[in-house]
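J.: this is a predicted model, with the sequence first.
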Amino acid sequence: MNQVLRTLLLPGLVSVITSTPVTAADDVPREELNYVGILATALEHRGVGTVTEEEVWSSAATLVVGGHITDLFHAELRAGGGYKDATVEGLALSVDYFASWYLGMHYPLTDYANVYGQFGFSYISGEAELANPDAAENRQFSYLEGDYPDSSFSVSWLAGMDVEILSNTYLVLEGGRLFKDTGSDVNTFQFSGGLRYEF
């Protein structure tokens, strides 16, 4: 009986051992990978108005291009454009476009999920338009009219999480500050979701 089992099981065992899946050691190291991503971004403008300090929202799309410097550190460039203005009373805040540079660190939670944080600088171009500047309710917004933000360059930061949903394709969720306008004290935060592909 033992001889029969050995004869039947040995070829099967050999085929299982020789056909084991590729191990993590055979994977391409992350530091050799670059990535591209596309994100839908919601921009929250806080502190709009000298009296009511409104919080208003606008929308943008963001393109991300980056690379892994090491297994834990990455650098990236971002370019974004607004497609929906933030409005309150007679004021429309538009972020026409922005460009950012970040240096970040990511940490694996599991084989398929990472958390990350990154710090960098952004250039932002936009405009604030006040429909009826003489109206009493709009006077608190008059200081914003014209170029928005007043200071085009700002420090930016992000924190986020990515989850691998397909091979080398990640679902990304993140939030952080895009800019703080030193002229008006408006603080604008970015909240994004989308996909990133590593290659």
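T.: Noted; the coordinates are in hand.

J.: what number of residues lie near the residue nearest to Gly175 when sequence neighbours are not counted?
T.: Nearest residue to Gly175, sequence neighbours excluded (C-beta to C-beta, 6 or more residues apart in numbering): Phe191, at 4.5 Å. To be clear about C-beta, it is placed using only N, CA and C from the backbone, and glycine gets the same treatment. Other residues within reach of Phe191, judged by other C-beta atoms under 10 Å, total 18.

J.: isn't Phe191 up against Trp57?
T.: No - between Phe191 and Trp57 there is no contact under C-beta atoms under 8 Å: 9.4 Å.

J.: now do the shared contacts for the two.
T.: Shared contacts of Phe191 and Trp57, defined by C-beta atoms under 8 Å, 6 or more residues apart in numbering, are found at Ala42, Glu44.

J.: just to revisit the earlier point, for the helix or strand hosting the residue nearest to Gly175, which residues meet the burial criterion?
T.: For Phe191, the enclosing helix or strand under DSSP states H and E is strand 187-198. By 16 or more other C-beta atoms under 10 Å, the buried positions in strand 187-198 come out as Asn187, Thr188, Phe189, Gln190, Phe191, Ser192, Gly194, Leu195, Arg196, Glu198.

J.: any idea how far Pro29 lies from Glu198?
T.: 12 Å (C-beta to C-beta, to the nearest Å).

J.: what do you get for Gly160?
T.: From Gly160 over to Glu198 (counting by C-beta to C-beta), the distance is 15 Å.

J.: now swap in Pro133 and tell me
T.: 49 Å.

J.: check Gly175 too.
T.: From Gly175 to Glu198 the distance is 22 Å (C-beta to C-beta).

J.: now do the SS call for Pro149.
T.: Of the three states, Pro149 takes coil under DSSP: H, G, I helix; E, B strand; the rest coil.

J.: and it, what is it in contact with?
T.: Pro149 neighbours (C-beta under 8 Å, 6+ apart): Ile124, Gly126, Phe179, Asp181, Gly183, Ser184, Val186, Thr188.

J.: ignoring the adjacent residues along the chain, who's closest to the fourth one?
T.: If the residues on either side of it in the chain are set aside, Asp181 comes closest to Pro149, at 3.5 Å by C-beta to C-beta, 6+ apart.

J.: can you flag which of the contacts of Pro149 belong to strands?
T.: Mapping these onto strands (DSSP state E) picks out Ile124, Gly126, Phe179, Thr188.
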